[in-house]
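Asks: below is the sequence, then the predicted model.
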Amino acid sequence: MDVVGMHQNHEEDNENESLESTKEWILKQEQNDEILYENIKKLEKSLLNHQQKVESDKIEQKSTLKSLFSEMRQNLSEDFKNFQTGMLTEIRDFRDDVKLKSSKSESVVARKSESSDTDSGTSEHGDEVDSVRKVIKVPTIDNGILLRDNYRCSIEKLERSSAGFREEITAINHAFVYFRDELEALKCEQNERIEAMDKAHKEEMEALRQELLTKIDNANKKDEIPKLMEQPVQKPQKIPKEIPIRFAIVGDWKLVTSKNLTEFYAKNHSHKHEVHSVNMRFRLVENKLTSYFFNGKDYQKLKCKCIGTADSAKNHWRIEGNQIKSIDFNGFSKETNVTEKCVRYMENGQLVVINEMGGVVCTRIYEKIKQ
C-alpha cells in the first residue's frame, strides 16, 4: 500500500509540474504577443507621422507657389500700369502738339490776312504791289495741308511708341511663360520626390508589418499547447524578436566589451578608421549611413557612406542577411593593406561591431542607450 501511495503521489507531482510549466509557457507566449503587437502599433504610428509630414510639405509647397504667383501677378500689374501711363502720356502729348500747331497755323493765317489788308488799304503804291504780286505769283499757304502734315508726323511718332510698348509686352509675356514652365517643372519634381519617398516608406513599413504578422502566425502554429495526458510537457521555444538591422542600429550605443582594441590602434594609427573606445552613434537617412563618436561633450562625425553593392570600387555599405557590411578604401580604388572592412549585427539585444584593417581584427560589443 505504501508503494502504491508513493506512486500516486509521484504522478500527482508530475501533473502539477506539467500544469505549472504550461501556465508559465502561456504567460510567456502572451508577453511575446503583446510585445509584437506593441511593435506593430509603433510602426503604424510612425507611418501616420510620416504621412502627416508629407502632407505638411505639400501644403508648404503650395503656399510657396501661391506666393510666387502673387508676386508675379503684382509685377505684371505694375508693368501694365506703367504701359498704360506711358500710352496716355503719348496721347496727351499728341493732342497738345495738334492744338499748338493748329493755333500757330491760325495765327499765321490771321497775320497774313492783316498784312494783306494793310498793304492794299494804306500803301501809297497799292496798285503797283498788286501788279507785282500778280506777275511774281506768290504762293499762298494752305492751312489744311499744314495740319495734315502735323497729324501725320504725330501719328508716326505714336505708332513708333506703340510698337516699342508692344515689344516690351511680348518680352514680358515670354518671361511669364518661361517662369510658369519653370514653376511647373519644379512642382512636378517635388511631387515625384515626395511620392517616391512616401511609397518607399510605406513599402518598408508594410514589409516589416507582414514579417511580424508572419512570425506571430508561425509561432501560434508551431507552439501548440501540449496535451498533458498524451505527451510529456516540453519547454516552449522562444520566438525570435529579430528587428531588421537598418532600424535596430539607429541610436546611441554604450561600449561594454572589446577585443584587440589596443593592437588595432597601434597598427592603424596613421590612417582614419571607425574604431574608438567610447560611445558611438549611428544614423541612417536617405540610404546614407553616418557614424559618430562621443568626445565627452557631444558626438562628432566619423564617416558617412552611401549604399552600394559588393562589387563596387567606392566606399559603401550594404545589407547581407541581417548584417550591415561596409568597406572604406581610404583613398585607393582597390583593396589594400589600409582598407577598412566592418560588419555590424545584433546579438541578444546587443550591437556587435567587427572591424578589420591592417591585418588586425577588432571586436566591440555595445548596449543601446535608452533615450
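Replies: Perfect, I can see it now. Numbers count the residues shown, from 1 in each chain.

Asks: tell me what L255 is bridged to.
Replies: Y366 (DSSP bridges).

Asks: wait, it touches R364, no?
Replies: Yes - the pair L255 / R364 is scored as a contact, 6.1 Å apart, by CB atoms under 8 Å. All C-beta spots, glycine's among them, are computed from the backbone N, C-alpha and C.

Asks: more neighbours, those two?
Replies: R364 (23 against 18; other CB atoms under 10 Å).

Asks: doesn't that one fall inside a strand?
Replies: Yes - looking at R364 with DSSP: H, G, I helix; E, B strand; the rest coil, it is inside a strand.

Asks: in terms of pLDDT, where does it sit?
Replies: Here, the pLDDT recorded for R364 equals 95.

Asks: quick one: the nearest residue to V256 once chain neighbours are set aside and Y345, what's the gap?
Replies: Spatial nearest neighbour of V256, chain neighbours left out: I365 (5.0 Å); criterion: CB to CB, 6 or more residues apart in numbering. According to CB to CB, to the nearest Å, I365 and Y345 sit 11 Å apart.

Asks: also N330?
Replies: 23 Å.

Asks: ok, these two, which is more surrounded?
Replies: For the pair N330 and Y345, the greater number of neighbours falls to Y345 (18 against 15), based on other CB under 10 Å.

Asks: the more buried one pairs with what?
Replies: Applying DSSP bridges to Y345, the residues it is bridged with are V352.

Asks: my guess is it contacts I319, does it?
Replies: No - in this structure, Y345 is not within contact of I319 by CB under 8 Å, at 10.3 Å.

Asks: find residues that contact each of those two.
Replies: I245 (CB atoms under 8 Å, 6 or more residues apart in numbering).

Asks: packing partners for the helix or strand hosting T64?
Replies: In this structure, T64 sits in helix 2-122 according to DSSP states H and E. Here helix 2-122 is seen to pack against helix 126-136, helix 143-222 when contacts are counted using 3 or more CB pairs under 8 Å, 6 or more residues apart in numbering; DSSP states H and E.

Asks: anything in contact with each of I365 and Y345?
Replies: By CB under 8 Å, 6+ apart, I365 and Y345 have these common neighbours: 351-352.

Asks: mind telling me which of the helices and strands packed on helix 2-122 the model trusts least?
Replies: Minimum mean pLDDT among the helices and strands packed on helix 2-122: helix 126-136, a mean of 48.

Asks: now T339, nearest residue through space, not along the chain?
Replies: Excluding the flanking residues, the one nearest T339 by CB to CB, 6+ apart is F329, at 5.4 Å.

Asks: burial of that neighbour, as a residue count?
Replies: 17.

Asks: use 45 as the first number for this chain going forward.
Replies: Happy to do that; since the first residue is 45 now, the last one works out to F373.

Asks: distance-wise, check it relative to R327.
Replies: 22 Å.

Asks: swap in E250?
Replies: E250 is 23 Å from R327, by CB to CB.

Asks: quick one: least confident helix or strand in this structure?
Replies: helix 170-180 (a mean of 48; mean pLDDT, DSSP states H and E).

Asks: quick check, V319 in a strand?
Replies: No - under the criterion used here (three-state DSSP), V319 is coil, not part of a strand.

Asks: that one touches N399, doesn't it?
Replies: Yes - with contacts counted by CB under 8 Å, V319 reaches N399, the gap being 5.1 Å.

Asks: give me the common contacts of the two.
Replies: 308, 406, 408.

Asks: redo those as TSV? Include distance to K72.
Replies: As requested, the shared contacts of V319 and N399 are arranged in TSV below (distance: CB to CB, whole Å):
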residue	distance to K72
F308	41
C406	37
R408	32
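
Asks: and which of those is nearest to E239?
Replies: Ranked by distance to E239 (CB to CB), those are led by R408 at 40.3 Å.

Asks: let me see the contact set for that closest one.
Replies: Contacts of R408 (CB under 8 Å, 6+ apart): 299, 301-303, 305, 319, 396-399.

Asks: dig out what H360 forms beta bridges with.
Replies: C350, I371.

Asks: burial of it, as a residue count?
Replies: H360: 18 neighbours (other CB under 10 Å).

Asks: same question for K125.
Replies: The number of residues near K125, taken as other CB under 10 Å, comes to 10.

Asks: try N323
Replies: Neighbours around N323, by other CB under 10 Å: 18.

Asks: how about it: what's its closest non-neighbour residue?
Replies: F338 (4.1 Å).

Asks: show the pLDDT at the one you found.
Replies: 88.

Asks: give me the phi and psi angles of it.
Replies: Reported as degrees, to the nearest 10, the phi and psi values for F338 are phi -90, psi 120.
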